[in-house]
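Using only what follows, build the 3D model:
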Amino acid sequence: MPTNSDLLSCLQSLDGASYKAYRDIQGCHEFPDFTLWVDRVQGDPFATPSQVRVIVPQAIAQFPSHLFRNPIREIALRDWLTRQFDRVVRSLWHQLPRAGTGNSGTIQMVQPGQAILERTSVLISAEGVEARFRVGLPAFGRRIAGREASELLCQILPRVVEQTLIYANLNPEEIQIHIEQAEDTDSIRQQLTEKNLIAFIADQAILPRRSGVDDRPLLESVIPFQTPETLRVELTCPNRGQVTGMGIPAGVTLIVGGGYHGKSTLLRAIERGIYNHISGDGREWVVTNPTAMKIRAEDGRRIPPIDLSPFINHLPQGRSVQQFTTDNASGSTSQAANILEALAVGTQVLLLDEDTCATNFMIRDRRMQALIRKDQEPITPFIDRIRQLYEDHGVSTVLVMGGCGDYLEVADTVIAMQEFQPQDVTAQAQNVVETYGGNRLREVTTPFPPRVARSFPKVLPVGQKHQLPKIKVRGLQQLELGTYTGGYTIDLSSVEQLIEPGQLQAIAVAILALHQSPPPFNFDDRQGYLFCVQALDSLQSFPQGDLIEFRPQEFAAALNRLRQKDLQSLDDKPSMKSF
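Below you'll find the predicted structure:
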């Protein structure tokens, strides 16, 4: 096996050669404390940087086994190591041989956000620690910069490994805090169902964010969260012990209040409570049922065939509602489809904000009912289904509602936000209903039907000679999957609980895996809620460091938004994979 000295000699001998000669270093290189794998070499200095990984045996890394003795602790440790790698690379940025063209001299690992997620960037086991990242191999023009490359791979990279993957060189207290935070949060999430709760927000939580594009906490002029006594609960964590805060009971919960008082801020924190967060985020003790799904209207989205009859009973021109499909949905139709699609993959909690909902889907007041007869209105408003969903199917709803008092009649819990602080106004809301009554007519007499599993054709974009589809991720907004002759475009801009681009990358890999028979893992399994990205990684031609865990909810959302162009099924007759 080539050694680091061999790699150094090779790089120096390649100085000034054509950039494609870098392929000579592809493969394995043995360093004193780790093994370097160059899995993919970029074609030119402007292309995506080369895929590289290092493996440090535990005899050298020496991470105590208790740090990764169960899945949640292992994920948290890997998350911390990813953050540490990113910090070290940034600290050494000024020392990197950045002279040259294109991506010369860069070292790039996936950059974590505020959530603790399973990523394929770092793996750990009893045998060793593995870090996966990209390196921009240096060049001047399209000629190899051998001296700079040898400095990057043979001098700077060993320093990064030493400061990142050797336990003796790390801060054990920081690691322990990070792991215990994730373990405690996960413990609270597991207690929600037995406590008949769908969400928990701890006292002193900081919910506002710095901006719509900066997910870090807003620390200036912020009042920490304080729980109303009537909603206070106490939960026990394995490490921290007792934690007190507001428990949102199962059922129908309204979040009300004046404008700019924090209604949507609270709902957004609950949305993100499906993930564990790092210590200091402010939402590290905001915990939500792991199946909770944000629902909104989505004008213009594509809807594959679906039975909309629970919400829409007829359409003009005799169009079918049992097999409804469109490439340009309206607000009400898209919101109905979003709810039914979420229910099909096991969602137990629906999260809605009136600001992003279709008004005609949410409510028809008494005056409108008098003007437009029910036989002329195909939509069954959500207000008339919301209690059926909970009472017949156990599906809870949290709804931000500041403009329609009719929803007070169907609410179990009403939380008013005043100056960013919650107050339990359930009793007052009931008094309002009794005082002012309600004169709108209920518009449904049939029960809400059972959840219906969705099915998807097993298709894959192929081109000449069945070339492999290419994946292009555009932030959190769009996913492109296909070849030059056809493919998918998937608009995920309205799927609000996707938080890192690596989730879209992993979803794309999972979509491609649908054509395998049998599939490499069970897409019907909702037990763990999050797909194992290591299973997806095993499908790739070389190890990937940018795959991040995702839920069945977001996977189904991607499949339901496929816009197909010149697709060919892999089989003469499409087979089906069902949720």
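
I figured residue 346 was touching residue 291, is that so?
Yes. Using Cβ atoms under 8 Å, residue 346 is in contact with residue 291, at 5.7 Å. C-beta: built from backbone N, CA, C; applies to glycine.

wait, isn't residue 503 in contact with residue 553?
No. In this structure residue 503 lies outside contact range of residue 553 using Cβ under 8 Å: 11.5 Å.

What's the separation between the residue nearest the centre of the chain and residue 198?
Centre of the chain computed as the mean C-alpha position; nearest residue by Cα atoms, centre = their mean is residue 498, 3.4 Å away. Relative to residue 198, residue 498 is positioned 21 Å away (Cβ to Cβ, to the nearest Å).

Ok, residue 537 next?
33 Å.

For residue 34, grab phi and psi.
phi -160, psi 170 (degrees, to the nearest 10).

residues in contact with residue 405?
If you count contacts by Cβ atoms under 8 Å, 6 or more residues apart in numbering, residue 405 has them with 432, 436.

quick one: it from residue 432, how far?
Distance from residue 405 to residue 432, by Cβ to Cβ: 7 Å.

what does residue 309 give?
Applying Cβ to Cβ, the value for residue 309 to residue 432 is 34 Å.

next one: residue 536
From residue 536 to residue 432 the distance is 51 Å (Cβ to Cβ).

the more surrounded of the two?
Using other Cβ atoms under 10 Å as the criterion, residue 536 and residue 432 rank with residue 536 on top: 24 against 15.

Would you check that the more buried one makes contact with residue 505?
No. Assessed by Cβ under 8 Å, residue 536 is found out of contact with residue 505, at 9.3 Å.

Common neighbours of the two, please.
residue 547.

sorry, back to before: so which of residue 537 and residue 198 has more stuff around it?
residue 198 (26 against 19).

what's near enough to touch the more buried one?
Going by Cβ under 8 Å, 6+ apart, residue 198 touches 192, 248-250, 253, 288-289, 292, 348-349, 396, 398.

element containing residue 9?
According to DSSP states H and E, residue 9 maps onto helix 4-13.

buried set for the next helix or strand after that helix?
Counting by DSSP H and E, the next helix or strand C-terminal to helix 4-13 is strand 27-30. Going by neighbour count (16 or more other Cβ atoms under 10 Å), the buried part of strand 27-30 is residue 29.

in its sheet, what does the next helix or strand after strand 27-30 sit against?
Toward the C-terminus, strand 27-30 is succeeded by strand 35-40 as the next helix or strand (DSSP H and E). Here strand 35-40 is paired, per DSSP bridges, with strand 27-30 (antiparallel), strand 50-57 (antiparallel).

Residue 534: neighbouring residues, count only.
Residues lying near residue 534 (other Cβ under 10 Å) number 13.

my read is it is in a strand, agree?
No. Under DSSP: H, G, I helix; E, B strand; the rest coil, residue 534 sits outside any strand and is assigned helix.

What residues does it make contact with?
Neighbours of residue 534 in contact, by Cβ under 8 Å, 6+ apart: 118, 120, 123.

which one among these gets closest to residue 427?
residue 118 (43.1 Å; Cβ to Cβ).

Disregarding residues adjacent in the polypeptide, which is nearest to the closest one?
In space, and not counting its chain neighbours, residue 118 is closest to residue 549: 4.2 Å by Cβ to Cβ, 6 or more residues apart in numbering.
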